[in-house]
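Trainee: what's the 3D shape of this:
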Amino acid sequence: PASITITIMAPLSIPPELKKITPYIRRAEELDGDGSRPESRLVAYYCRQFAVSAGIPAANSPDAKACLAAILGDLEKEADAMKAFSTEEAGIICSNFAQDVFKSADDQDRAGTADKKTARSFYAAAIFFEVLEQFGGTDESAKEKRVYSKWKATDILKAMKEGRRPQAGGFGEADGG
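Mentor: Okay, here's the model as predicted:
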């Protein structure tokens, strides 16, 4: 019988001083394994690029500099493929991706079926909306969705921890407020 070898890359080890870039790198690593959406590769690239920009000011130790160098190495491997897109096109693709992740989580929440996976999707959407800042700022709608996504992820997890069903929709929507 033929055997299949699957290689799973270990997550990048991120030193404590670069803790703030961890969410961007973890989303990129998740997208690396997503073969279902062709834009995943591009969004992963820009998550890493955003992480490097955010990490440079905090990279004071050899470990931190080595970590950023590893991320830059990953970016370099993808650079030629990314040249097929202008910065504007890449921004639109990343924005559409963030909107899709948000809409999927929001639809699930408003249907009353929110669970831990929904909370993770809201959190991922918030990270993707943050990554959009590298394309020259984000519009007010994206900023509002980023804040809402972080709040909603926390709200869902809190409800689950307390043993209650998460409240569907936004703050105060259930009582008409």
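Trainee: So Arg26 sits against Asp32, correct?
Mentor: No: at 10.6 Å, Arg26 does not count as touching Asp32 under the criterion of CB atoms under 8 Å. For the C-beta atoms, the positions are set from N, CA and C on the backbone; glycine is no exception.
Trainee: Quick one: the helices in the protein, in order.
Mentor: 22-32, 40-55, 62-82, 87-110, 116-131, 140-161 (DSSP state H).
Trainee: Send over the shortest one as CSV, restricted to the C-alpha atoms.
Mentor: The C-alpha atoms that make up helix 22-32 are tabulated as CSV, following Å, rounded to 0.1, in the frame of the first residue of the first chain:
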residue,chain,number,x,y,z
THR,A,22,1.6,36.5,17.7
PRO,A,23,-2.1,36.8,16.5
TYR,A,24,-1.0,38.0,13.0
ILE,A,25,1.5,35.1,12.7
ARG,A,26,-1.0,32.5,14.0
ARG,A,27,-3.6,33.7,11.4
ALA,A,28,-1.0,33.5,8.7
GLU,A,29,-0.1,30.0,9.7
GLU,A,30,-3.8,29.0,9.7
LEU,A,31,-4.2,30.4,6.2
ASP,A,32,-1.1,28.5,5.0
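Trainee: mind listing what's buried in it?
Mentor: Within helix 22-32, the residues that count as buried by 16 or more other CB atoms under 10 Å are Pro23, Tyr24, Ile25, Arg26, Arg27, Ala28, Glu29, Leu31, Asp32.
Trainee: same question, the fourth one
Mentor: The neighbour-count check on helix 87-110 (16+ other CB under 10 Å) flags 90-91, 93-95, 97-99, 101-102, 105-106, 108-109 as buried.
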